[in-house]
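S.K.: Generate coordinates for the sequence data below:
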Amino acid sequence: MKTRKTSGGKNPRKVNAQKRKMVDVVTGPTSGIGVKLIRKLLAMGDEVRVIVLEDPYKSELWKRLPGGVIPYVADITLKKPDDGHHMKEACSGADRIFHFAAITDLQRASTEEYIQVNVIGTENVLKAFVDGNPQNKPVHFFYMSSISVYGSRPGEVLAEDSETKPGSTYGETKLMAELVVKSFAAAHPNISYTIYRVANMYGPYYDGPFNRIFRFIKQGKLRYIGNADNRITLVHVDDAVDAILLSIDNRAAKNDVFNVSDGEVYTQRQLFTKAAEFLKVSPPRKHIHPAIAMLGAPILKLGRAELAYIISDRVISIAKIKKTLDFKPKRSIDTEGQEMVNEFLRHYHDGE
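M.R.: Below is the predicted model of the structure:
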């Protein structure tokens with residue numbers, strides 16, 4: 001007769017109850033923050049389901065993801081008839097949903113596309129949970145918003161209760177999506193949320209825009225845009241992931257909004273000078289008017305959104321997340337920024 005082994009004489013039912021797998025759903029899983037978080041969730045022993053736009057067997061981006069995730073192919077804008085069904089299946093039994101899928105401010109998209117993905121897409125993910133679960137099934141919905149909801153605000157330090165004044169379609173749609181999340185939580189008491197207003201991320205998978213800047217500095221072609229005293233807010237992707245992990249089992253994080261950055265303030269001049277130092281070249285010496293820079297963006301192969309980011313002026317306070325969740329940023333541009341430059345130099349070729 002087979003016997004059931006127990007550990008340390010503990011009641012096997014209690015042991016099993018403690019080890020019940022949490023079911024996580026991640027949208028935008030191949031984004032830098034999606035990949036990083038998924039690795040952490042799998043290491044915690046969670047079941048991780050991902051909603052992906054393309055068939056994993058046909059997508060190069062799928063190679064970013066670690067083994068063990070369970071894919072559900074669907075477009076969150078419900079372009080195909082079976083998208084809603086697949087999303088409902090993915091969200092059935094979910095304990096936590098991490099919604100990262102979005103059109104970002106660095107992508108060239110129409111206003112309609114921003115609305116469809118960032119706003120209606122968010123609503124569709126929430127509907128998929130509501131439709132696929134009993135009304136009393138609790139879920140914690142984690143939404144990745146952006147400090148773009150504040151707009152460019154010279155001279156201010158922005159806290160979560162500061163007035164929102166988005167100055168771009170991206171910022172407007174991220175703020176609209178925040179309202180969608182809050183509305184669902186108000187209508188469905190079993191849904192709780194945490195919203196992160198994240199600063200511009202850097203680190204692995206976020207190197208594209210930075211590499212273009214590094215190239216211009218390396219080639220001596222970059223100029224300061226405007227007076228270069230505007231303030232830019234950053235956060236390393238690993239610190240952003242840490243902020244999320246601090247909130248997943250923390251009641252204090254439920255139904256609240258948190259700013260996420262490294263807590264530092266940089267000017268455009270400081271960042272360009274630091275990059276030049278890492279590259280071992282002279283920093284820019286000339287300035288160009290922002291309007292002229294915008295006109296020349298296509299020639300420089302820079303997006304208008306990238307230039308808008310470079311000349312934005314915005315500083316956010318992270319006092320709330322530090323106090324409530326004990327968030328402590330650990331990464332610095334002095335180390336991780338140097339590593340980004342080193343990686344850029346490994347692939348750099350003159351004339352490209």
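
S.K.: And the closest residue to G45 other than its chain neighbours, how close does it get to M44?
M.R.: Leaving aside its chain neighbours, G45 sits nearest to K21 (6.3 Å; criterion: C-beta to C-beta, 6 or more residues apart in numbering). Backbone N, C-alpha and C define where each C-beta goes, glycine included. The gap separating K21 from M44 is 9 Å, by C-beta to C-beta, to the nearest Å.

S.K.: And I232, by the same measure?
M.R.: Taking C-beta to C-beta, one finds I232 at 33 Å from M44.

S.K.: Of those two, which one has the most company?
M.R.: I232 (20 against 13; other C-beta atoms under 10 Å).

S.K.: In this structure that one contacts N200, no?
M.R.: Yes. In this structure, I232 is within contact of N200 by C-beta atoms under 8 Å, at 7.2 Å.

S.K.: Quick one: end-to-end length of stretch 76-83, please.
M.R.: This stretch, stretch 76-83, spans 7 Å end to end (C-alpha to C-alpha, to the nearest Å).

S.K.: Over to stretch 100-109?
M.R.: Stretch 100-109: ends 17 Å apart by C-alpha to C-alpha.

S.K.: same thing with stretch 77-90?
M.R.: First-to-last distance for stretch 77-90 - C-alpha to C-alpha - comes to 15 Å.

S.K.: now stretch 161-177
M.R.: End-to-end for stretch 161-177, by C-alpha to C-alpha: 17 Å.

S.K.: Likewise for stretch 212-226?
M.R.: End to end - C-alpha to C-alpha - stretch 212-226 spans 19 Å.

S.K.: Repeat that for stretch 159-177.
M.R.: End residues of stretch 159-177 are separated by 19 Å (C-alpha to C-alpha).

S.K.: Flag every buried residue along that stretch.
M.R.: 160, 164, 166-177 (16 or more other C-beta atoms under 10 Å).

S.K.: So which of these is the closest to K330?
M.R.: E160 (22.0 Å; C-beta to C-beta).

S.K.: Confirm that that closest one sits in a strand.
M.R.: No. Read with DSSP: H, G, I helix; E, B strand; the rest coil, E160 is coil and lies in no strand.

S.K.: Verify the contact between it and N259 for me.
M.R.: Yes. In this structure, E160 is within contact of N259 by C-beta under 8 Å, at 5.9 Å.

S.K.: This structure: helices as residue ranges?
M.R.: For the chain, applying DSSP state H gives helices covering 12-18, 32-43, 83-91, 111-114, 121-132, 169-187, 208-218, 237-247, 268-279, 290-295, 297-300, 304-311, 319-325, 338-346.

S.K.: got JSON lines for those, with distance to P66 and mean pLDDT too?
M.R.: Listed next are these as JSON lines, based on distance: least, C-beta to C-beta, whole Å; pLDDT from 0 to 100:
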{"stretch": "helix 12-18", "distance to P66": "25", "mean pLDDT": "44"}
{"stretch": "helix 32-43", "distance to P66": "6", "mean pLDDT": "97"}
{"stretch": "helix 83-91", "distance to P66": "18", "mean pLDDT": "97"}
{"stretch": "helix 111-114", "distance to P66": "30", "mean pLDDT": "93"}
{"stretch": "helix 121-132", "distance to P66": "22", "mean pLDDT": "98"}
{"stretch": "helix 169-187", "distance to P66": "28", "mean pLDDT": "97"}
{"stretch": "helix 208-218", "distance to P66": "22", "mean pLDDT": "91"}
{"stretch": "helix 237-247", "distance to P66": "14", "mean pLDDT": "98"}
{"stretch": "helix 268-279", "distance to P66": "30", "mean pLDDT": "96"}
{"stretch": "helix 290-295", "distance to P66": "40", "mean pLDDT": "82"}
{"stretch": "helix 297-300", "distance to P66": "36", "mean pLDDT": "64"}
{"stretch": "helix 304-311", "distance to P66": "30", "mean pLDDT": "78"}
{"stretch": "helix 319-325", "distance to P66": "26", "mean pLDDT": "98"}
{"stretch": "helix 338-346", "distance to P66": "21", "mean pLDDT": "95"}
